[in-house]
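[1] Provided below are the primary sequence and the corresponding predicted coordinates.
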There are 2 protein chains.
Amino acid sequence: MAIQYEQLMGREDFAGFEDPEKFQKWVPKLDAYRQKLADGVEPYKVELPKPIDELVKDQFNAKDYIYDSGIFSARELEITDSKGAQILSEIASGNWTCVEVLKAFAKRAAVAHQLTNCLHEILIEDGLKRAQELDEYYAKNGKTIGPLHGLPVSVKEHYNFKGRVTHGGYVSLVEAVTEEHGVTNQVLENLGVVFYVRTAQPQCLMHLCGDNNYTGTTRNANNLSLSSGGSSSGEGALVTLGGSVFGIGSDIGGSIRSPSAMSGCVGLRPSNNRVSLAGCVSGFGGHDSILCVCGPMARSVDDLELMMKNYVNVGKPWNLDAVTIPLPWRDVAKPKPEDLTVAVIRDDGLVRVSPPIRRGLEYTVEKLRAAGVKIVEFDPPHTKLAYETINNMYTCDGNDYQREILGSTGERLAKLTKWYLNFGKGKKHYTSAENRVLNADRDFLRTEYTKYFVENKVDLILMPVYNSVAPHCEEIYNWSYTTLFNILDIPAVAFQTGLKQDPEIDVWTEEDQKYQYRSELEQMENEMYKPEEFKGAPIGLQLGAQRYHDEELVAAAKTIIDDILKVDLFKK
Amino acid sequence: MAIQYEQLMGREDFAGFEDPEKFQKWVPKLDAYRQKLADGVEPYKVELPKPIDELVKDQFNAKDYIYDSGIFSARELEITDSKGAQILSEIASGNWTCVEVLKAFAKRAAVAHQLTNCLHEILIEDGLKRAQELDEYYAKNGKTIGPLHGLPVSVKEHYNFKGRVTHGGYVSLVEAVTEEHGVTNQVLENLGVVFYVRTAQPQCLMHLCGDNNYTGTTRNANNLSLSSGGSSSGEGALVTLGGSVFGIGSDIGGSIRSPSAMSGCVGLRPSNNRVSLAGCVSGFGGHDSILCVCGPMARSVDDLELMMKNYVNVGKPWNLDAVTIPLPWRDVAKPKPEDLTVAVIRDDGLVRVSPPIRRGLEYTVEKLRAAGVKIVEFDPPHTKLAYETINNMYTCDGNDYQREILGSTGERLAKLTKWYLNFGKGKKHYTSAENRVLNADRDFLRTEYTKYFVENKVDLILMPVYNSVAPHCEEIYNWSYTTLFNILDIPAVAFQTGLKQDPEIDVWTEEDQKYQYRSELEQMENEMYKPEEFKGAPIGLQLGAQRYHDEELVAAAKTIIDDILKVDLFKK
């Protein structure tokens, strides 16, 4: 009999959380929120081929539908399937207007939402106004207002947005209007981008899925029966479906990389404090132990770099948020394959990977080796300490923040919220001194891995993002493959191998059946993989580099993804 | 009747600390330690003009004595009064040998020690061996081994030193041999420096003075009756007396800037995580809230820059310690006076400055203004919050670390150790969540001050390092002027105005007598200043810049100190 996640729950008993009676008074507010979202979609309403529930049952591929349905004109597809640099160049040379570009992306975003439920808020009217102002500025001055003039950019909802409610997935914040943009939204706006949608995230922001009491969960662009990953769930689906040039996610445990790898796009988790998180809803304010980082999600590495380079070098976020470090974004040339050494982690010692991930790793390693990349096998040290330490860090306030903000409305706890609240020591309140021991372990681990990079002249680590492909909604329990890079503060690019799960090929072998599980968590995770249920799920992986070597990472990612794997996400 | 510091003590009751009986077994070990130090000085023993106690009573100027005594040959003075770049150039061109250079500095250091008690450990024999090896390398290869080949550098004792005891001022560590260099010592050695002395620090490393149970306290180079400042007390005296090219201090509350300003040299407190503190004795391991930083102390800004530039750009400490950030040291041109805007803090709202500091500020402001620098007055916001927050951070483990490491031997608590243990909430154990509130306040403050720099186009803040000149030993209670830059992580250069305290000029005026004290701390501090007791004490101040603008700070410090104030510390 399969292990149920309830069996693995720890000491948190959820007293002080759910209260259906108390919750009643919040229901009308949530209904109003949802109605506004529905109203925003209305002008872009399309007739889906079947009711959404049936599409889910069919494991429907929404990305194919974007191209096959005929909903978009050739011109709309041309615009929305262009890289950011191309769009900026067309606008700057007067060939395209910001309004036309925004309209194309807004339509694609609205359709993406109908398929995947990826949005929390639609701001298309404001976006069109802004686009028009930018066009007028350009017409009048003959130049753009900034390096990202007119670029449609999506942002995760939990960053404060000027004059709008910012709730971060918490019902108690359903009326919490934030007066100013969070710093990163402000920097992006200063650079010239156009905002038009804010994307979905899970309750408490700590699922590798997307369930929340505002809008439910986000579906996978390549298979509507699966999750888009999380916690930047909306960005994963939206970006994969071409609904924005790049989106801004955030990652404290995998929340950029999980939805990127699982949904079918690419995402960068930068090193700490290069992108500001000042001004956002978060349970981790002042928690230095483990920092959340913002970063871009897109369909190309070029677009990740476009965001980072302009954001850092032109946006200078450190002038608005003193926590951010003025580390310029360096120009690093794309390396030749033969100049790269890649260490491969095939297993993290905690949870065995499922057949499609194994195939993805083998495929990628073979492609890299054939191209001349030096491959070394890497058995990562101290992964248990790393995983336990970060889990203890997450909940070391004894979940007081979550109990306060969730308990105040008595809202339903999502399954994965309960799972998260059991991380670490659950209700235990760490003292400051106990917290320091966790930090010292973290710094020990960081230096151990740094020495590995330096002493072995390793440029990159190649490894899974998760032990399997995109899960069913609210069925993902192991974070060990993503959190390793969070506690190490290793910058990482989640990417597509170009392969998709195939129920015929990606099966457990006879050899696999004899496997002795190392833990109940591993058993539960492995038992969830049933080949026939994950049809067409993208097979994504991640590349990591030495701390603060983000530029070397991005340059090498171009060599690997564009030149060696030749993955093109701007088409069916 | 004057306020006594005992009246201002808080909730710490010192239970679990001193135990004279338990301490007995440590006495022979301390005696042996002191004997080894005395043996190291022996070959360099000089006849002082009077017994040291009488020189103390005379407020003797040891720096003048270096030049007036005839102890040093012209050649020795030429070598030891050269800037680092000059020494490196003479060695690299074969004019001077590393051995000759080391011998000259070793002699000057040993004499400095006899006057000021600035050393914990003498390693001159090892240093000579290393210098000889470097000379042999040069003779054989015709080149140097690194950019700091042969430079005599002193280091504060609490950094781990390969094969030596590292005690950090704690008696319990009197036999604690550290097997490897701390990262910063290792990086410096890799660059080619020669170590030959380790300098004194106070018990628990948290006095702005130097008293410890190993060697007592360090005296001021310009007035032996005063303290050299602290906690890098030994470096302050040694560097001022020309006993090393530069020394490495550390600063979590003013410990580089206090001894630099008070002793009579210059010192840089870099921004966080540019110089590694990995591998040292400290009560703050894993305490992310407030970071100690290492930095150089020297007789010129050029030497501060020499250290930082080579340490960062060639030493690349981030490859040995993942906590350190790979932020390259940028070349920044020395600005013209008229391109500088300097904000002056004359009073921090907490403790009024004494007459010599007031005079130093007025003098400096007038000189800057006359040279064309734009001066703006700055009334710093939130200084009470800043001071309370950092004091709470220091002791938020309820002093458990100090109780364990000091209580285990029952060693005598120095007066200022007791004072420090009462900082913040004394015995209170902060929870991790309470600690986060302190961190959030810190980040708020950092952003407020950053906005001040950016919005007002201010390049530098000019302010006191302390509300007075060098104090009597163990009589310094207010840290508010230094800790402001620690909590803000503002990089700062402590420097000499060129003025010295003059008992005739630097008196409280009639206006001063009518002053209404804002706190008992202020009253106690102000009452300690009696003009006749501080004869010739250096009048030092500090310059701060926006976080991580260390390079702009150092460049502007050259304009101000070298060109405008024309301070030359390489002579009497």
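    All right, it came through fine.

[2] Quote the end-to-end distance of stretch A:264-279.
    29 Å (C-alpha to C-alpha, to the nearest Å).

[3] And stretch A:286-302, by the same measure?
    So stretch A:286-302: terminal residues 33 Å apart, C-alpha to C-alpha.

[4] mean confidence for it?
    Average pLDDT, stretch A:286-302: 97.

[5] Any figure for the gap between the residue lying farthest from the centre of chain A and chain B?
    In chain A, residue A:140 marks the outermost C-alpha relative to the chain mean, sitting 38.4 Å out by C-alpha atoms, centre = their mean. Plainly put, residue A:140 is 28 Å away from chain B if you go by C-beta to the nearest C-beta, to the nearest Å. Where C-beta positions appear, they are placed from N, C-alpha and C, glycine not excepted.

[6] ok, now how distant is that residue from residue A:134?
    Distance, residue A:140 to residue A:134, using C-beta to C-beta, to the nearest Å: 11 Å.

[7] so what's the residue farthest from the centre of chain A up against?
    Listed by C-beta atoms under 8 Å, 6 or more residues apart in numbering or on different chains, the contact set of residue A:140 is empty.

[8] And the next helix or strand past the helix or strand containing it?
    Assigned by DSSP states H and E, residue A:140 belongs to helix A:124-141. With elements assigned by DSSP H and E, the helix or strand that comes after helix A:124-141 is strand A:152-156.

[9] Paired strands for that following strand, with orientation please.
    When sheet partners are counted by DSSP bridges, strand A:152-156 sits next to strand A:194-199 (parallel), strand A:246-251 (parallel).

[10] Average pLDDT for the helix holding residue A:140, rounded please.
    Averaging pLDDT residue by residue across helix A:124-141 gives 98.

[11] circling back to that earlier point, possible to save the strands paired with strand A:152-156 as JSON lines with mean pLDDT and mean neighbour count?
    Listed next are the strands paired with strand A:152-156 as JSON lines, based on pLDDT from 0 to 100; neighbours: other C-beta atoms under 10 Å in any protein chain shown:
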{"stretch": "strand A:194-199", "mean pLDDT": "98", "mean neighbour count": "29"}
{"stretch": "strand A:246-251", "mean pLDDT": "98", "mean neighbour count": "29"}
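
[12] Make JSON lines from these and add distance to residue B:383 to it.
    Below are those laid out as JSON lines (distance: least, C-beta to C-beta, whole Å):
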{"stretch": "strand A:194-199", "distance to residue B:383": "38"}
{"stretch": "strand A:246-251", "distance to residue B:383": "33"}
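
[13] can you tell which of those strands is closest to residue B:294?
    Nearest of the strands paired with strand A:152-156 to residue B:294, taken as C-beta to C-beta: strand A:246-251 at 31.2 Å.

[14] which of the residues in the longest helix anywhere in chain A are buried?
    Selection of the longest helix in chain A by residue count, based on DSSP state H, yields helix A:432-455. Going by neighbour count (16 or more other C-beta atoms under 10 Å in any protein chain shown), the buried part of helix A:432-455 is A:432-436, A:438-439, A:441-450, A:452-453.

[15] Determine whether any part of it lies close to chain B.
    Yes: shown here: helix A:432-455 in contact with chain B (C-beta under 8 Å from any C-beta of the partner chain) through A:432-440, A:442-443, A:446-447, A:449-451, A:454.

[16] Identify the nearest residue to residue A:40 in space, disregarding sequence-adjacent positions?
    Nearest non-adjacent residue to residue A:40, counting by C-beta to C-beta, 6 or more residues apart in numbering or on different chains: residue A:122, 2.9 Å away.
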